[in-house]
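Novice: Generate a structure from the sequence data that follows.
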Amino acid sequence: MSITKNWQTAPTNYATLFKVFFGIKSGRPKETTRLDRTRVINAVNNTLAIAEEQNEKLINKPTLKQAMTYWGNHCSDIGLTNR
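Specialist: As a prediction, the model looks like this:
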């Protein structure tokens, strides 16, 4: 199953939990509580639209290292820290 199909079907398949498989540091699936089903579905659809426009990449950089640097700088700019 592709990331797209998994992300789109997950919010409708689980009553209160949303399973996350991709982008997890440990590589093992995690479960998170879904608070508002409509907002989750809209967020997933918006995210997939961005990825589709950018050749299936959420951060359109040539290498993983550049994408991680971009993400880290962006998080710092908006005030997020690792604490």
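Novice: So which residues of this structure form helices?
Specialist: For the chain, the helices defined by DSSP state H cover 3-13, 37-53, 64-77.
Novice: The second one - what's its average pLDDT?
Specialist: For helix 37-53, the mean per-residue pLDDT is 84.
Novice: Then the first one?
Specialist: Rounded to a whole number, the mean pLDDT of helix 3-13 is 61.
Novice: got it, and the last one?
Specialist: Confidence for helix 64-77, expressed as mean pLDDT, is 90.
Novice: Just the residues contacting it, thanks.
Specialist: Residues outside helix 64-77 that contact it (Cβ atoms under 8 Å, 6 or more residues apart in numbering): Lys57, Ile59, Lys61, Thr81. In short, each C-beta sits where N, CA and C put it, glycine included.
Novice: Tell me which of the helices of the chain sits nearest to Glu31.
Specialist: helix 3-13 (10.5 Å; Cβ to Cβ).
Novice: re earlier: just send the helices of the chain back as CSV, with mean neighbour count too.
Specialist: Shown next, in CSV, are the helices of the chain (neighbours: other Cβ atoms under 10 Å):
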stretch, mean neighbour count
helix 3-13, 14
helix 37-53, 13
helix 64-77, 11
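Novice: Distance to Glu31 added to those helices, as JSON lines?
Specialist: Putting the helices of the chain into JSON lines (distance: least, Cβ to Cβ, whole Å) gives the following:
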{"stretch": "helix 3-13", "distance to Glu31": "11"}
{"stretch": "helix 37-53", "distance to Glu31": "13"}
{"stretch": "helix 64-77", "distance to Glu31": "24"}
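Novice: Which one of those lies nearest to Pro29?
Specialist: Taking Cβ to Cβ, helix 3-13 is the member of those nearest to Pro29, at 10.7 Å.
Novice: re earlier: can you tell which of the helices of the chain is closest to Arg28?
Specialist: Of all those, the one in closest proximity to Arg28, counting by Cβ to Cβ, is helix 3-13 (15.4 Å).
Novice: picking up where we left off before, where is pLDDT lowest across the contacts of helix 64-77?
Specialist: Scoring those by pLDDT puts Thr81 last, at 73.
Novice: Share the number of residues neighbouring that one, please.
Specialist: 6 (other Cβ atoms under 10 Å).
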